[in-house]
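Enquirer: model the structure of this input:
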Amino acid sequence: MSDGLAARRAALSMVEAVLEHDRGLDECADATAGLEPRDRAFARLIALTVLRRLGQLDALTDLLLEKPPQGRTRRIRHVLRIGLAQLLFLETPAHAAVDASVELARGEGMAKLAGLVNAVLRRAVREKAALLSREDAARANAPVWLRDDWVGQFGEETAQAIADAHLAEPPTDLTCPDRADALAAELGGTRIGRDTVRLIRPGDVAALPGYDAGTWWVQDVAATLPVTLLGDVAGRRVIDLCAAPGGKTAQLAAAGATVTAVDRSKPRLARLRENMERLARTVDIVAADATQWRPAEPADAVLLDAPCSATGTLRRHPEIAHRRGPADVQKLAALQRRLASAAIEMLKPGGILVAATCSLQSAEGPGFFNDVRALEGLEPLPIDRSEFPTELGDAVTPDGCLRTHPAMLRGQGGMDGFFVMRFRRRP
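Expert: Now for the predicted structure:
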């Protein structure tokens, strides 16, 4: 089996794991085990492209097929998705994409359909320009339930820009307190925000200078903003709820806070612990359900990065659009309310609560804010435009919350979608 075919077989395994077995793409690393780094990256790129362009690919597949595959032959659709993704969006040489897809079908027990794969993909090569002009890519690839919510919040133009931003490979952001300018110069990156260095196609992140020394960590620039809204935390006791994998925990520790990091997932906490060891940051780590756990003494501040649908991270995790639905959002919104209520009991009078979700959905943004505002014991502490870097745009809502989305920083690679709110516990 050639390396190219091995990569495509791994991509097929990842796509099937997500769409047939409801697994996250990051849970599918076993599919690329044993591959060379270049082939591992190619397999992941194919899978990501299929998931980002799934609506478009399926519409075109239906157009190219005389009749949709049924029963056991439905699996051939995944092979066609992978082949079309290479031909239409990855600029893979036509002969390589077609021949490898035919061999993939044969090797995966679909030899009787190899001729169909060959015919469909060769037609796609001939009609590429016409096929690509048929679909509004941003509209075709955003599920209706997501798009309708975005239009209601942001308007048609911004919703379209958000959906369009989800189709591009995002940059990699590194948080580097105190020496971001020097790191940007060393790595050929761009300094954005306060402590962020943005890299385009950095390759193996663990191989970059400063990784082993713990100089920086990977964290989208939008994800850095909730911590900054706590103000000066040096010498203050801060509880970081739902803390894993630890980007915000590291920010708090680097800023001089005494940090208690709480998460109920022991595997995720193991990753947080590994990250803190690499970064040489000392924090207190607690494995507990934050709705039930309480500290021995109240804290000066609580940071709640609440579990959510994570639709604000679709650029990096496009499978979310196919694994989540409106019912998931409502269920998670109820959990967010319980966590916020618990957070109040962890704060000393006058203490600050910053709550955030990495979601673009209204129930987990403005709806979450309204729910928390209705809780007893808190008063809103509106966010001011001067509290975050000017290049991030006008992201403050009329209610004094912070709302980012992927169409912001559009010319520089975008940013994740976050909704952040701030409150003070009444005396």
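
Enquirer: return the residues in contact with the residue most central in space within the chain.
Expert: With distances taken as Cα atoms, centre = their mean, residue 313 lies nearest the centre of the chain, 2.7 Å away. By Cβ atoms under 8 Å, 6 or more residues apart in numbering, the contact list for residue 313 reads 220, 320, 358, 416-417. Using the backbone N, CA and C atoms, a C-beta is placed for each residue, glycine as well.

Enquirer: got the phi/psi numbers for residue 308?
Expert: Taking degrees, to the nearest 10, you get phi -150, psi -180 for the backbone angles of residue 308.

Enquirer: go on, residue 219?
Expert: Here residue 219 shows phi and psi, under degrees, to the nearest 10, equal to phi -170, psi 120.

Enquirer: what's the burial count for the nearest residue to it once chain neighbours are set aside?
Expert: What sits nearest to residue 219 in space, not counting adjacent residues and going by Cβ to Cβ, 6 or more residues apart in numbering, is residue 247, at 4.0 Å. For residue 247, the tally of surrounding residues (other Cβ atoms under 10 Å) stands at 20.

Enquirer: I'd say residue 247 and residue 175 touch.
Expert: Yes - contact criterion Cβ atoms under 8 Å: residue 247 and residue 175 qualify, at 6.8 Å.

Enquirer: can you check which residues contact both of those two?
Expert: In contact with both residue 247 and residue 175: 217-219, 224, using Cβ under 8 Å, 6+ apart.

Enquirer: and which of the residues you listed is nearest residue 46?
Expert: Checking the shared contacts of residue 247 and residue 175 against residue 46 by Cβ to Cβ gives residue 218 as the nearest, at 22.2 Å.

Enquirer: buried residues in the strand ranked longest in the chain?
Expert: Counting residues, the longest strand found in the chain (DSSP state E) is strand 347-357. Of the residues in strand 347-357, 347, 351-357 count as buried by neighbour count, 16 or more other Cβ atoms under 10 Å.

Enquirer: repeat for stretch 406-425
Expert: 406-409, 413-425.

Enquirer: could you pull out the strands for this structure?
Expert: Going by DSSP E, the chain shows strands at 172-175, 190-192, 196-199, 217-218, 237-241, 258-263, 284-287, 299-305, 347-357, 378-380, 402-404, 418-425.

Enquirer: for the shortest one, give the mean pLDDT please.
Expert: So that's strand 217-218. Confidence over strand 217-218 (mean pLDDT, whole number) is 98.

Enquirer: roughly how far is it from the heart of the chain?
Expert: 14 Å (Cα atoms, centre = their mean, to the nearest Å).

Enquirer: how close does the closest residue to residue 422 other than its chain neighbours get to residue 239?
Expert: Nearest residue to residue 422, sequence neighbours excluded (Cβ to Cβ, 6+ apart): residue 381, at 4.5 Å. As judged by Cβ to Cβ, to the nearest Å, residue 381 and residue 239 stand 17 Å apart.

Enquirer: so who does the residue nearest to residue 27 when sequence neighbours are not counted touch?
Expert: The shortest distance from residue 27 to any non-neighbouring residue, by Cβ to Cβ, 6+ apart, is to residue 17 (7.4 Å). Taking Cβ under 8 Å, 6+ apart as the contact definition, residue 17 lies against 23, 27-28, 31.

Enquirer: please report how far residue 17 lies from residue 270.
Expert: 22 Å.

Enquirer: what do you get for residue 288?
Expert: From residue 288 across to residue 270, the span is 15 Å (Cβ to Cβ).

Enquirer: how close does residue 236 sit to residue 18?
Expert: 41 Å.

Enquirer: between the two, which has more neighbouring residues?
Expert: residue 18 (23 against 19).

Enquirer: spit out the contact partners of the residue nearest to that one when sequence neighbours are not counted.
Expert: Counting by Cβ to Cβ, 6+ apart, residue 18 lies nearest to residue 319, which is 4.5 Å off, once chain neighbours are set aside. With contact taken as Cβ under 8 Å, 6+ apart, residue 319 is in contact with 18, 24-25, 51.

Enquirer: so who does residue 412 touch?
Expert: 171, 190, 192, 198.

Enquirer: show me the two of these that sit farthest apart.
Expert: Farthest apart among the contacts of residue 412 by Cβ to Cβ are 171 and 192. That separation is 9.6 Å.

Enquirer: overlap in contacts, these two.
Expert: With contacts taken as Cβ under 8 Å, 6+ apart, residue 171 and residue 192 have 198, 412 as neighbours in common.

Enquirer: pretty sure residue 307 sits against residue 243.
Expert: No - with contact defined as Cβ under 8 Å, residue 307 does not reach residue 243; the gap is 11.6 Å.

Enquirer: more neighbours: the two, which one.
Expert: Per other Cβ under 10 Å, whichever of residue 307 and residue 243 has more neighbours is residue 243, with 27 against 20.

Enquirer: return the closest of the contacts of residue 319 with respect to residue 298.
Expert: Looking across those and measuring by Cβ to Cβ, the closest to residue 298 is residue 24, at 35.5 Å.

Enquirer: distance of the residue lying closest to that closest one once chain neighbours are set aside relative to residue 23?
Expert: What sits nearest to residue 24 in space, not counting adjacent residues and going by Cβ to Cβ, 6+ apart, is residue 319, at 6.2 Å. Residue 319 sits at a distance of 8 Å from residue 23 (criterion: Cβ to Cβ).

Enquirer: quick one: pLDDT of the residue in the chain sticking out farthest from the centre?
Expert: The C-alpha centroid of the chain is most remote from residue 112, which lies 38.5 Å away (Cα atoms, centre = their mean). If you check residue 112, the pLDDT there is 90.

Enquirer: how close does it get to residue 79?
Expert: Counting by Cβ to Cβ, the gap from residue 112 to residue 79 is 13 Å.

Enquirer: which residues does stretch 113-133 contact?
Expert: 60-61, 63-65, 69, 73, 76, 79-80, 83-84, 87-88, 94, 97-98, 101-102, 105-106.

Enquirer: same deal with stretch 384-392?
Expert: With Cβ under 8 Å, 6+ apart as the criterion, stretch 384-392 contacts 192-194, 221, 225, 228-229, 394-396, 400, 402, 404, 408-409, 415.

Enquirer: which one of these is nearest to residue 376?
Expert: Closest to residue 376, out of all of those and judged by Cβ to Cβ, is residue 400, at 19.7 Å.

Enquirer: around residue 96, how many other residues sit close by?
Expert: Neighbours of residue 96 using other Cβ under 10 Å come to 14.

Enquirer: excluding chain neighbours, what is closest to it?
Expert: In space, residue 96 is closest to residue 4, 6.6 Å off (Cβ to Cβ, 6+ apart).

Enquirer: what subset of the contacts of stretch 384-392 is buried?
Expert: Judged by 16+ other Cβ under 10 Å, buried ones among the contacts of stretch 384-392: 192-193, 221, 225, 228-229, 395-396, 402, 404, 408-409, 415.

Enquirer: appreciated, that's everything.
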